[in-house]
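J.: Take this sequence and fold it.
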Amino acid sequence: MSSVETGVPSVGEYLTDTAQGAFAIITVTVTNTSNHSIDFNASEQHVRDANNRVFRVDGSATSMASDGDAGWFNDINPGNSVTVRLVYDMPTGAVPATISLRASGGRPALVALR
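T.: You can find the predicted model right below:
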């Protein structure tokens, strides 16, 4: 896990997206340790807060917050890594507790965020 930023009201530089609540931006680096190419799709990555509520990634906000990082969909070859900024629109004050990361339809890895 690279970083977790919460309480972000909007993302984007020229085009912006404003949160309904507040954005949580979670930056992850994904490394392919297998012997074949894997797909990492931002839409398959989910966050839970301390109240066990599940949040889907905000597609437009994730695209606007990419800042040169990998984008929405990534084909990762063996031994390679990508860094992705995933953006979630959460109620103001909500803090992400865990993230479920999944690649190529495999089993998700649950990672604690705090």
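J.: and I26, what helix or strand is that in?
T.: strand 17-31 (DSSP states H and E).
J.: quick one: contacts for S60?
T.: The contact partners of S60, taken as C-beta atoms under 8 Å, 6 or more residues apart in numbering, are D17. Glycine gets a C-beta too; all of them are placed from N, C-alpha and C.
J.: Kindly report the same for T62.
T.: Listed by C-beta under 8 Å, 6+ apart, the contact set of T62 reads A42, W72, R85, L86, V87.
J.: For the second one, which residues are in contact?
T.: Which is W72. Counting by C-beta under 8 Å, 6+ apart, W72 touches N41, A42, S43, G59, T62, S63.
J.: Same check on the last one?
T.: Shown in contact with V87 (C-beta under 8 Å, 6+ apart): V11, F23, A24, I25, I26, V57, D58, A61, T62, M64, A65.
J.: all strands in this structure, in order from the N-terminus.
T.: Secondary structure of the chain by DSSP state E: the strands cover 3-11, 17-31, 38-41, 46-49, 54-56, 73-76, 81-90, 96-101, 109-112.
J.: With mean pLDDT as added columns, please give those strands in CSV.
T.: Shown next, in CSV, are these (pLDDT from 0 to 100):
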stretch, mean pLDDT
strand 3-11, 92
strand 17-31, 93
strand 38-41, 91
strand 46-49, 96
strand 54-56, 97
strand 73-76, 86
strand 81-90, 93
strand 96-101, 94
strand 109-112, 90
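J.: so what's the residue sitting nearest the centre point of the chain bridging to?
T.: For the chain, the residue nearest the mean C-alpha position is L86 (2.4 Å; C-alpha atoms, centre = their mean). For L86, the beta-bridge partners are I26 (DSSP bridges).
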